[in-house]
Structures are given as C-alpha cells and as structure tokens.
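any chance you can model this:
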Amino acid sequence: MSGTAAQRRAYTVVGGGAIGGTIAFHLAKAGHPVLVVDQDTEHVGAISDQGLGIRRPDGRVERQPVRAITPDGADALPATGGGLGAVVLAVKAQATDPAVRWIAPRLAEDGFVVSLQNGLCEEQIAAEVGERRTVTAFVNLFADLVAPGLIADGGAGALVVGELDGRVSPRVERLVTDLRAWGPAVAHPNVAGHLWSKQSYSVVGATSALVDVPIHETIEAHPDMTVALAREVYAVGAAIGVHPESFDHWEAGAFAVDAHLPYTRQVLADFCGWLRTQPKNKTGIWRDLAVRKRPTEVPAMLAPVLRLADDHGINCPGIRTVVRLIGELERGERRMDESNVTEVERAVSGR
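From the prediction side, this is the model:
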C-alpha cells in the first residue's frame with residue numbers, strides 16, 4: 001500500500017444495502033479501508049466470499065474486496081485506537097435507533113456519524129452520540145440491492161453534506177472529498193432544505209408504490225395529487241423555518257402555493273422525463289412490498305413530518321392516507337391497485 005493510500009480515512013458503513021453498499025464500494029475502490037456492518041447474514045457472507053459487487057447498466061459486474069460483518073461480529077473488530085472514527089449510517093429509517101445504539105459505545109470521542117438515509121434521522125442519531133458527533137447529509141441515488149453482495153448501479157445522483165448548524169467545517173470538506181469517489185458530492189449550509197424536498201418527493205414515491213407502475217406514470221396520471229402531497233410536506237417544513245432546496249430535476253419552487261400553474265406542470269413534465277432516463281423506475285418502497293415482502297420505511301420516514309404537523313396544527317390528509325395504505329399493504333389487507341391512488345387523490349382534494 002502506498003503512503004497516500006495508508007493515510008486514507010477508514011470508514012465503517014452500517015447498512016450495506018443500495019445506498020450504503022454503493023458508497024462502500026466506491027470508497028473501497030478509491031483505497032479507503034472499509035468495513036460493512038449489516039444484519040443480513042447472507043449479504044455479509046456474499047461480500048466476504050466474493051467481494052462487494054456493482055452491476056453496471058450494461059450488465060458488467062465489478063467487485064471490490066470489502067470486509068463485512070454482522071453486528072454480532074463486532075467482537076472481532078480490531079483495536080482502532082479509540083473506536084470507530086468515520087461512520088456512514090445507511091440503514092432503513094425504522095432501524096435507526098438500534099443501529100445507533102450499536103454504534104454509540106464503539107464510536108471514538110472524535111468520531112462522527114453521517115446519515116445517508118431516507119427521512120429525518122439526525123435527531124435520533126444526535127440523541128445517542130451527541131450533536132457534535134452527528135453530520136447531516138442528503139442523498140438521492142437510484143441503486144438497488146438485487147442479490148446478496150450485488151447492487152445494481154443507480155448512476156449519478158445527488159449527495160449534499162453539512163453540519164447540523166449549517167457550517168461547512170473542515171471535517172465536512174474532507175468527508176465530501178472522500179465521497180466524491182462515488183460521484184458529485186458537495187458541501188452545503190442548508191442540508192435540511194434538501195432533506196425536506198426529498199421528503200416531499202418521497203411521499204409521491206410512496207404513493208407510486210400503492211400501484212404496480214413506474215413512478216413517472218403515477219405523477220403523469222395524477223399531477224394535481226402530486227402537487228398537493230408535496231405542498232403538505234413543504235407546509236410543515238415552512239412552519240419550522242425550513243427553506244426548501246431543489247435537487248436533480250425536483251424544483252422546490254414549483255410547489256409553492258403561489259407558483260404559476262404552467263411552470264409547475266412544466267417542472268413535473270421535466271421531472272418525469274428525467275425519471276424515464278434512470279435505470280430504476282420504481283422505488284425501494286415498491287421493492288420491499290412487491291419483491292422482498294417486508295415492512296417498508298414509510299411510517300418511520302414520515303413520522304417526524306406528521307409529528308411536527310400535529311405540533312403546528314397543520315392538516316396533512318394526503319400523507320396520513322399514504323402511511324395508512326402502505327401499512328395495510330404491508331399487512332396483506334389490500335393489494336396494489338389504482339384504487340389506492342384514487343383514495344389518496346380523494347384525501348388531498350377533500351372529497
């Protein structure tokens with residue numbers, strides 16, 4: 001190993017699925033020592049035996065040697081001079097609490113946890129490790145865990161990193177430099193604005209999982225519902241002083257209450273056109289329901305929004321309906337069907 005490689009920061013990636021696995025692969029490829037910690041023993045075994053694989057859109061599979069363990073295997077961790085230094089947390093939103101409880105006693109005093117998750121998980125993380133050791137981030141990529149040890153490449157996406165107080169600190173700058181091994185990572189003073197914009201899109205993505213069609217088809221068939229759902233999220237964010245940021249082709253300004261309707265419709269059309277170019281046309285929520293037959297992260301992901309809506313007296317009938325319907329799908333009480341989307345449409349229109 002060269003002197004430069006030897007100085008590269010070591011990373012522990014907790015949650016080796018679509019997001020965590022993608023980041024772990026690229027960090028390792030760039031020469032960083034990487035440890036993946038994941039609950040799935042079959043996934044961990046495949047990574048240990050074959051390396052962590054990325055399947056490119058043309059079908060090529062690249063593999064990178066990466067060390068992987070389950071949380072129970074933590075006793076085998078080597079001494080690290082005071083604990084884990086840089087931790088990338090990439091578990092599903094509902095797994096945040098147990099994951100952070102696992103991390104906290106192992107985290108170095110000068111270490112940190114950066115959340116590359118869906119939802120608003122930083123408050124839970126900071127409650128365990130402290131705000132000083134919590135870094136906030138927004139990530140949007142279209143990867144998929146398609147088999148143990150193998151992730152389908154999601155192509156270029158967006159990754160924004162910052163401190164909880166909005167500073168772009170030296171550790172954020174270094175982290176961003178490292179994460180550029182994956183793609184276009186940037187430091188930004190308003191990560192919260194990006195996270196709330198993703199929440200607005202995530203509600204729409206969750207709605208698309210209520211019926212077995214690509215995301216863009218749901219938006220194109222139900223543009224007014226899409227706008228109404230996004231506005232519910234943005235209204236709650238505005239109540240706590242969040243200034244929304246745009247990402248990819250999701251233009252936050254198009255969902256303002258006073259936005260010019262032709263502008264909003266054009267933004268939705270452009271966004272759907274961009275979605276058509278992506279290698280993945282359905283959400284991880286859909287995959288959890290239709291393929292993996294397991295609970296989704298939707299209730300945990302949207303719980304902070306609904307809690308804040310209650311605190312500020314904001315009505316969110318669309319979000320509440322989506323969460324309820326997802327729960328019924330998880331429990332096998334209903335099937336993926338267009339009538340589910342119609343129910344959300346009725347909720348946002350007050351019918």
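
could you point out which element follows the worst-scoring helix or strand of the chain on mean pLDDT?
Least confident helix or strand of the chain, by mean pLDDT, DSSP states H and E, is helix 3-6 with a mean of 49. Later in the chain than helix 3-6, the nearest helix or strand by DSSP states H and E is strand 11-14.

what sits up against that following strand?
Applying CB atoms under 8 Å, 6 or more residues apart in numbering, the contact partners of strand 11-14 are 20-21, 23-24, 27, 32-38, 84, 86-91, 99, 102-103, 178. In this view, the C-beta of every residue, glycine as well, is placed from N, C-alpha and C.

just the residues you listed: which are in strands?
Of the contacts of strand 11-14, the ones assigned to strands by DSSP state E are Val34, Leu35, Val36, Val37, Leu84, Ala86, Val87, Val88, Leu89.

residues near the fifth one, how many?
What it means is Leu84. 22 (other CB atoms under 10 Å).

what sits against it?
Thr12, Ile103, Arg106, Leu107, Ala108, Gly111.

let's see 6 Å
Residues near Leu84 by CB atoms under 6 Å, 6 or more residues apart in numbering: Thr12, Arg106, Leu107, Gly111.

name the helix or strand for the last one, please.
In this structure, Gly111 is located in strand 107-115 according to DSSP H and E.

show me what that strand is packed up against.
Under the contact criterion of 3 or more CB pairs under 6 Å, 6 or more residues apart in numbering; DSSP states H and E, strand 107-115 touches strand 84-89, helix 122-129, strand 134-140.

and the longest one with strand 107-115, angle?
What it means is helix 122-129. 170 degrees (axes from the mean of the first three to the mean of the last three CA atoms, to 10 degrees).

for the protein, which residues score under the pLDDT cut-off?
When residues are selected by pLDDT under 70, those of the chain lie in 1-6, 75-82.

so what secondary structure elements neighbour the host helix or strand of Val176?
Using DSSP H and E, Val176 sits in helix 170-179. In terms of contacts (3+ CB pairs under 6 Å, 6+ apart), helix 170-179 is packed against strand 158-163, strand 185-187.

the longest one: partners in the sheet, and parallel or antiparallel?
Pointing back at strand 158-163 there. Strand pairing for strand 158-163, determined by DSSP bridges: strand 134-140 (antiparallel), strand 185-187 (parallel).

which of these is buried the deepest?
Comparing these by mean neighbour count (mean count of other CB atoms under 10 Å), strand 134-140 ranks first with a mean of 24.

just put the ones in strands among the contacts of strand 11-14 in CSV and tack on distance to Val211.
Output for the ones in strands among the contacts of strand 11-14, formatted as CSV (distance: CB to CB, whole Å):
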residue, distance to Val211
Val34, 38
Leu35, 39
Val36, 34
Val37, 35
Leu84, 42
Ala86, 40
Val87, 37
Val88, 33
Leu89, 31
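
closest to Tyr201 among those?
For those, the residue nearest Tyr201 by CB to CB is Leu89; the value is 20.9 Å.

the closest one reaches Val113, doesn't it?
Yes - here Leu89 reaches Val113: they are 5.3 Å apart, a contact under CB atoms under 6 Å.

these two: who's more crowded?
Between Leu89 and Val113, counted using other CB under 10 Å, the more crowded position is Leu89 (29 against 26).

and the more buried one, what are its bridge partners?
Val14, Ser115.

for it, what are its contacts?
Contact analysis of Leu89 by CB under 6 Å, 6+ apart lists Val14, Val113, Ser115.

could you pull out the helices for the stretch 151-300 of the chain?
Assigned by DSSP state H, counting those that start in this stretch, the stretch 151-300 of the chain shows helices spanning 170-179, 191-208, 215-221, 223-239, 261-276, 284-287, 298-311.

list the buried residues for the third one?
So that's helix 215-221. By neighbour count on 16 or more other CB atoms under 10 Å, the buried set for helix 215-221 is Ile215, His216, Thr218, Ile219, Glu220.
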